[in-house]
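**Student:** Mind looking at a prediction? Sequence and model below.
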Protein chains: 4
Amino acid sequence: MTTQVILLNGGSSSGKSGLVRCLQAVLPDPWLAFGVDTFVDSLPARMRSSDGGIEFGADGGVSVGADFLALQAAWAEGVAATARAGARIVVDDVFLSGAESQRRWRKALGGVGTLWVAVRCEAEVAAGREIARGDRTPGMAALQADLVHEGVEYDVEVDTTRGESLDCARAIAAQVR
Amino acid sequence: MTTQVILLNGGSSSGKSGLVRCLQAVLPDPWLAFGVDTFVDSLPARMRSSDGGIEFGADGGVSVGADFLALQAAWAEGVAATARAGARIVVDDVFLSGAESQRRWRKALGGVGTLWVAVRCEAEVAAGREIARGDRTPGMAALQADLVHEGVEYDVEVDTTRGESLDCARAIAAQVR
Amino acid sequence: MTTQVILLNGGSSSGKSGLVRCLQAVLPDPWLAFGVDTFVDSLPARMRSSDGGIEFGADGGVSVGADFLALQAAWAEGVAATARAGARIVVDDVFLSGAESQRRWRKALGGVGTLWVAVRCEAEVAAGREIARGDRTPGMAALQADLVHEGVEYDVEVDTTRGESLDCARAIAAQVR
Amino acid sequence: MTTQVILLNGGSSSGKSGLVRCLQAVLPDPWLAFGVDTFVDSLPARMRSSDGGIEFGADGGVSVGADFLALQAAWAEGVAATARAGARIVVDDVFLSGAESQRRWRKALGGVGTLWVAVRCEAEVAAGREIARGDRTPGMAALQADLVHEGVEYDVEVDTTRGESLDCARAIAAQVR
């Protein structure tokens, strides 16, 4: 089956965004890039700090409410429909619920050829990069580094701890059909 | 029919983005915000300055190619599917092809309750705001001010020339069912 | 005396940034733009939410500590030295201490030809624009609208409540020597 | 002599910005961060694509004109004055003229305790990171990687090719007096 969606899952500051741009550069066809950060930016401002929406704790913890999950599910249906309409898409997400997050995406992406990719980065290194980028609550990277991969099944795994984004992108691109 | 999508059409620097944020603030339900700028950002970098993609001329002119139109059509299908899955969405776009752009959206949004909104701003004022924002090619605002409305049919029209974004948002919100 | 510095003072969301870009566009010479937002961004991340640094309250209140004031005073000396070295500069600031803030700038700018400009905007309108821009704590605009002008003396006053940025910029530019 | 300024020099995409944020995080005192990117942003829009200002060629080449150099010299005087007024500052620059750029900074920083730091990154790796960040003209990283270090004398040298920003920052911080 043709790969229509490349779905990257990794913790905060694991290097997903750089990887997405490198994938878009090395893949010969044009691929759209949709990510959970863009989805969060599309929410009303008041939902970015509320019970029903998404809350970023002072310790780096992230919790999401019922409204967030409902809108996120609708967004995933939209991503799947975009793929079914012919676009190829690189999606990056943070599976806060591990295997359950994957189950939700699988349901939305029914029948869409998907390459599941783990973006790993050792917690300590990700925490350092979190300081270097300077726009994330300290602690998020370490908290999410392993959590997001629990019970998730992948087709490809890359590790940005010592691997450059461009090299990781080439390894992923080699698995695209 | 329930309004599921509010579709704003207006030229560059007509005030669409501010209007979108005000709509999200005044509408009691949570509405997602999807816009053509975010779509353009989701394209591979090389498509943002190429024949098949989108090109921004030195005079403010914008031209789009076949690859761009195909991906944009797929994106519109995704917006429609997100709405059908239950999310309410404010979409902002620049109808570079006027009535033909509306026809394409109508096709994608079949069966989705849509409120069509004109965001007007006098060319001279929009050109001044283009200088004030400082991140757009000078000339785009004036070129698009009238062009994007040619032959387009609306449910509501607002004018940001002298109206504040928040007041315009309230006028639009009053038409949402 | 030649105007070497144009110093704009106004509350949050009064339209200073747009005014600065319009001034740079209409003034024939090249003028640098230095602003308090850029200064705040130059602080270590930990000072942007601490007692000694700057704190943004949930109600839009802003308080600054001793470390902040010391670094700000050093920054003002740098702005003055840049002007004395020949550059012409548009500075935008928020006089949280009103007349006392002006006194500090006057001390730093000793001997530098300075045009003092009030950027006014009615509190209610500024509060609406705060919602439209979406990146400021709600409440800041209304709190600062009058506060920052208390006891301050000006050479020119502009009002963005109904005036476009470009028109206000032309009125200021006409006073530059 | 107390270190008042840490001056980082390195090519585009060598990792200077991340290094600056890590330095601000690991140094116990508050250090301001001033960089050449912020200086370029302070120029009038029209100077960012003109003969007298700064021009970014399609091949990644950068050329600067007389107006740019004059304003940059005034800016350097301001940085020095800020340091003399008591602030400690991390400056990042790209020495497009190598040893001559250093000579200009030395002149401005007369009497100010300065730690000169080389930020190196192998051209091929920097070029890959340029793709990953996605906001720079491709080619700039490779062109500048060695060029900016020609004839420049340093107190410390770090290499981000394989070193993490946080580790490099600690190595630099250890040399601060």
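**Tutor:** Cool, the structure landed. Numbering: from 1, shown residues only, chains lettered A, B, ... in the order given.
**Student:** Distance of A:Asp51 relative to chain B?
**Tutor:** To chain B, A:Asp51 is 12 Å away according to CB to the nearest CB, to the nearest Å. In this view, the C-beta of every residue, glycine as well, is placed from N, C-alpha and C.
**Student:** quick one: contacts of stretch A:98-111?
**Tutor:** When contacts are defined by CB atoms under 8 Å, 6 or more residues apart in numbering or on different chains, stretch A:98-111 is touched by residues A:5, A:7, A:9, A:73, A:76-77, A:79-80, A:83-84, A:93, A:95, A:114, A:116, A:147-153.
**Student:** May I have the phi/psi pair for the closest residue to A:Thr114 other than its chain neighbours?
**Tutor:** Closest residue in space to A:Thr114, ignoring its immediate chain neighbours: A:Val5 at 4.6 Å, by CB to CB, 6 or more residues apart in numbering or on different chains. Dihedral angles of A:Val5 (phi, psi; degrees, to the nearest 10) stand at phi -130, psi 130.
**Student:** Tell me the pLDDT of A:Val5.
**Tutor:** On pLDDT, A:Val5 comes in at 98.
**Student:** you'd agree it is up against A:Gly113?
**Tutor:** Yes - with contact defined as CB atoms under 8 Å, A:Val5 reaches A:Gly113; the gap is 7.2 Å.
**Student:** So which of those two has more stuff around it?
**Tutor:** A:Val5 (23 against 15; other CB atoms under 10 Å in any protein chain shown).
**Student:** what's near enough to touch that one?
**Tutor:** Per CB under 8 Å, 6+ apart, neighbours of A:Val5: A:79-80, A:83, A:88-91, A:109, A:112-115.
**Student:** Distance-wise, check the residue of chain A most remote from its centre relative to C:Val26.
**Tutor:** Distance from the C-alpha centroid of chain A peaks at A:Arg46, with 23.0 Å (CA atoms, centre = their mean). Look at A:Arg46 and C:Val26: by CB to CB, to the nearest Å, they are 38 Å apart.
**Student:** ditto for A:Val36
**Tutor:** 42 Å.
**Student:** Looking at those two, which one has more neighbours?
**Tutor:** A:Val36 (18 against 15).
**Student:** Name the nearest residue to the more buried one, ignoring sequence neighbours.
**Tutor:** Distances taken as CB to CB, 6+ apart place A:Asp93 nearest to A:Val36, at 4.7 Å, with adjacent residues excluded.
**Student:** Who is the residue most central in space within chain A paired with across the strands?
**Tutor:** Geometric centre of chain A, nearest residue: A:Asp93, 1.9 Å, by CA atoms, centre = their mean. Here A:Asp93 shows beta-bridge partners A:Asn9, assigned using DSSP bridges.
**Student:** pretty sure it contacts A:Leu7?
**Tutor:** Yes - between A:Asp93 and A:Leu7 a contact is recorded at 6.9 Å, counting by CB under 8 Å.
**Student:** Okay, strands next: where are they in chain A?
**Tutor:** Assigned by DSSP state E, chain A shows strands spanning A:5-9, A:31-35, A:54-56, A:62-64, A:88-93, A:114-120, A:156-159.
**Student:** just the ones you listed: most buried one?
**Tutor:** Using mean count of other CB atoms under 10 Å in any protein chain shown, the stretch among these with the greatest mean number of neighbours is strand A:5-9 (a mean of 25).
**Student:** just how off-centre is that strand within its chain?
**Tutor:** Its chain's C-alpha centre and that of strand A:5-9 lie 7 Å apart, by CA atoms, centre = their mean, to the nearest Å.
**Student:** Return the distance of the residue nearest to A:Val36 relative to chain C.
**Tutor:** A:Asp93 is 24 Å from chain C, by CB to the nearest CB.
**Student:** now do A:Gly53
**Tutor:** The value you get for A:Gly53 to chain C, if CB to the nearest CB is used, is 15 Å.
**Student:** re the thing from before, report pLDDT for the residue nearest to the centre of chain A.
**Tutor:** 98.
**Student:** Check A:Glu130 and give its pLDDT.
**Tutor:** 96.
**Student:** which ones are touching it?
**Tutor:** A:12-13, A:136, A:138, A:140-141.
**Student:** out of these, who's nearest D:Gln175?
**Tutor:** Each of the contacts of A:Glu130 was scored against D:Gln175 by CB to CB, and A:Pro138 proved nearest at 25.1 Å.
**Student:** thought that closest one was touching A:Ile131?
**Tutor:** Yes - counting by CB under 8 Å, A:Pro138 does reach A:Ile131; the two are 6.9 Å apart.
**Student:** Looking at these two, which is more packed in?
**Tutor:** A:Ile131 (22 against 16).
**Student:** Not counting residues beside it along the chain, what's closest to the more buried one?
**Tutor:** That would be D:Ala25: by CB to CB, 6+ apart, it lies 5.0 Å from A:Ile131.
**Student:** Same question for A:Val158.
**Tutor:** Counting by CB to CB, 6+ apart, A:Cys168 is the residue found nearest to A:Val158 once chain neighbours are left out, at 3.9 Å.
**Student:** so how far is chain B from the one you found?
**Tutor:** Going from A:Cys168 to chain B by CB to the nearest CB gives 17 Å.
**Student:** picking up where we left off before, show the contacting residues for the residue farthest from the centre of chain A.
**Tutor:** Counting by CB under 8 Å, 6+ apart, A:Arg46 makes contact with A:53, B:25.
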